[in-house]
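when you get a sec, could you give me coordinates for this:
(4 chains)
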2 protein chains.
Amino acid sequence: MPFREILNRLLTPGERVSWEACLARSGRDFPKAADIVREGEKPQALYVVLAGWAQKYKQLPDGRRQIVGLFLPGQICGLDLFTVARCDHSLAAVRQLSVAEIPRAEVCDLLQRCPSLARIFCWSELVETAVHREWMASVGQRNALERVAHLMCEMAVRQGGHRTNNRCDFLLTQGQIAEATGLTPVHVNRTIRELRRCCGMELRQRRLHIPRFDALASIACFDARYLHIGEAGTVADHARPLFDAWSSDGVPSPILHHT
Amino acid sequence: MPFREILNRLLTPGERVSWEACLARSGRDFPKAADIVREGEKPQALYVVLAGWAQKYKQLPDGRRQIVGLFLPGQICGLDLFTVARCDHSLAAVRQLSVAEIPRAEVCDLLQRCPSLARIFCWSELVETAVHREWMASVGQRNALERVAHLMCEMAVRQGGHRTNNRCDFLLTQGQIAEATGLTPVHVNRTIRELRRCCGMELRQRRLHIPRFDALASIACFDARYLHIGEAGTVADHARPLFDAWSSDGVPSPILHHT
DNA sequence: CGCGACGTTGACCTACCTCAATTGGCGTGG
DNA sequence: CCACGCCAATTGAGGTAGGTCAACGTCGCG
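Below you'll find the predicted structure:
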């Protein structure tokens, strides 16, 4: 289910207005592959994808690069970047990308006006972590065919699953698929050819078509439950005690304040 | 730096008493490789490692298994499990293990009495996610030698770094190292032999000795900053607005309550 | 029309896997 | 104290998934 729908469902109408207004105010565009936040920097803003896909990646000193996350329109990204003193990974555009860049002060402000937002942030972080784990299992245990199939299943489901007639955007180049799966561009190419052959999957001009989703899912051992779709409410309720405790904190923080 | 020290530094003395009392009350032991929480279950408690190591893993239908996280004494684990409606991965003992099992109600109670705890939970989740990303880069991009070296560097640093004279526990069998790195037990064995040869590293009887840490770190491209050691305070301060917003939420939640 | 980025293909190579047998350490029971 | 059994570590031989290198095709865009 598209992330936008979650926002629409969980924000009150008033909150939604504030949220959309904020996004509209702070738009910023990036060309293909441009860095938005670079590893090592001190993060100062939160990002929301407006159009296009964003990627998070880590890079080894010799240039090898691993994509560790993908973000679709509507998704909040960089909450962890935002929270930490030094970024441990980079955020970049996959292709032409529009994001809303919300500076620290405005995030605080927004949170005041949209109390439900905190829950959504919390849920969004949790899902991101769950996806990390699934990708780790992919890269560590699945073979090339399974890995590529799995990535395609995931991106299809995250864009709305079957409701789109098994067609959706897929903005990564084969080279970027390689970076996300820990394979080589060449081998990704051969793997895609094989998927085309064995279950009719089609990937051309940044569009993906999966005629028999079940076939692809079964190749990939894909089980969408790790995406925790529809659980935003559960997470919010379960996390609530954490937040209540924090705010009832009358004790002065033993922690020095860092700007 | 051992996680315990973080707790000691960030909790007030009074909070520390409540925390320790709670841990003492709820101890539970598990034999080697026993599951604590299994994927698919509905999680009901939070776990704190008291002695031994815990592992999180994911398993594909055909049995292939990937270890996606390791937890040392003092660490909180299963916060995400705790928050979600259905576990997307399993939690198990690495070897003989003692944990504190804190049921949902008691977590809420504890959070009331230890306001600083919420921050520590939050920081702990963030670090776990950062480690996920680093492992993904490892499994996706590093070769066998680098991967095994990296794991050893990480576990050494997480146990107190150089202050222990470059000796520390290392409770994984070579088979478990294989599950964590996406390699084969046989190849892990050969890789360890090579590390022994090329930088004197020694691993025997669950003890690890790294005579020249720098040499190992340089093989692994290991940069400890992803562990965000010492940043618990920063994270706490940066995350604060999130928590404040949540609690000031006067609007009734649009979300149904799940038990 | 031509350039540049991306996709595609072939030939060859190697890091890591698989299978299988052996060794060593250690707890248990006789 | 020894013998047995179990589990982890080790070693060897041979196989393969995926990597590397290099060339060529194709498509969109200025």
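
contact residues of the stretch 151-259 of chain A facing DNA strand D?
Contact residues, the stretch 151-259 of chain A versus DNA strand D (Cβ under 7 Å from any atom of the strand): A:Gly182, A:Leu183, A:Thr184, A:Val186, A:His187, A:Gln205. (Glycine included, C-beta is placed from N, CA and C.)

quickly check: whatever helix or strand A:Gln55 lives in near chain B or not.
Using DSSP states H and E, A:Gln55 falls within strand A:54-59. Yes: residues of strand A:54-59 are located near chain B by Cβ under 8 Å from any Cβ of the partner chain, namely A:Lys56, A:Lys58.

where exactly do the strands run in chain A?
A:27-30, A:35-37, A:45-51, A:54-59, A:65-71, A:76-77, A:90-93, A:97-103, A:167-169, A:202-204, A:207-209 (DSSP state E).

need these in CSV with mean neighbour count, can you?
Supplementary listing: the strands of chain A in CSV, determined by neighbours: other Cβ atoms under 10 Å in any protein chain shown:
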stretch, mean neighbour count
strand A:27-30, 14
strand A:35-37, 19
strand A:45-51, 21
strand A:54-59, 22
strand A:65-71, 24
strand A:76-77, 23
strand A:90-93, 21
strand A:97-103, 21
strand A:167-169, 16
strand A:202-204, 13
strand A:207-209, 15
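
who are the packing partners of the strand holding A:Gln55?
strand A:65-71, strand A:90-93, helix A:174-181, helix B:116-141 (3 or more Cβ pairs under 8 Å, 6 or more residues apart in numbering or on different chains; DSSP states H and E).

let's see it at 7 Å
Based on contacts counted as 3 or more Cβ pairs under 7 Å, 6 or more residues apart in numbering or on different chains; DSSP states H and E, the elements that strand A:54-59 packs against are strand A:65-71, strand A:90-93.

before we move on, the earlier item: list only buried entries from the residues of the stretch 151-259 of chain A next to DNA strand D.
A:Gly182, A:Leu183 (16 or more other Cβ atoms under 10 Å in any protein chain shown).

let's have the residues of the stretch 151-259 of chain A next to DNA strand D in JSON lines, adding distance to chain B.
Output for these, formatted as JSON lines (distance: Cβ to the nearest Cβ, whole Å):
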{"residue": "A:Gly182", "distance to chain B": "3"}
{"residue": "A:Leu183", "distance to chain B": "9"}
{"residue": "A:Thr184", "distance to chain B": "12"}
{"residue": "A:Val186", "distance to chain B": "16"}
{"residue": "A:His187", "distance to chain B": "13"}
{"residue": "A:Gln205", "distance to chain B": "27"}
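
which two among the residues of the stretch 151-259 of chain A next to DNA strand D are spaced furthest apart?
Considering Cβ to Cβ, no two members of these lie farther apart than A:Gly182 and A:Gln205, which are separated by 25.3 Å.

how about the residues of the stretch 51-200 of chain A near chain B?
A:58, A:60-61, A:64, A:66, A:68, A:80, A:82-86, A:88-89, A:107-108, A:111-112, A:115, A:117-119, A:121, A:126, A:129-130, A:132-133, A:135-137, A:139-141, A:182 (Cβ under 7 Å from any Cβ of the partner chain).

low-confidence ranges in the stretch 1-150 of chain A?
Residue ranges of the stretch 1-150 of chain A with pLDDT under 70: A:1-3.

contacts for stretch A:71-84?
Outside stretch A:71-84, the residues within contact range by Cβ atoms under 7 Å, 6 or more residues apart in numbering or on different chains are A:2-4, A:7, A:37, A:43, A:46-51, A:53-54, A:87, A:91, A:121, A:124-125, A:158-159, B:126, B:129, B:228, B:231, B:234-235, B:238-239.
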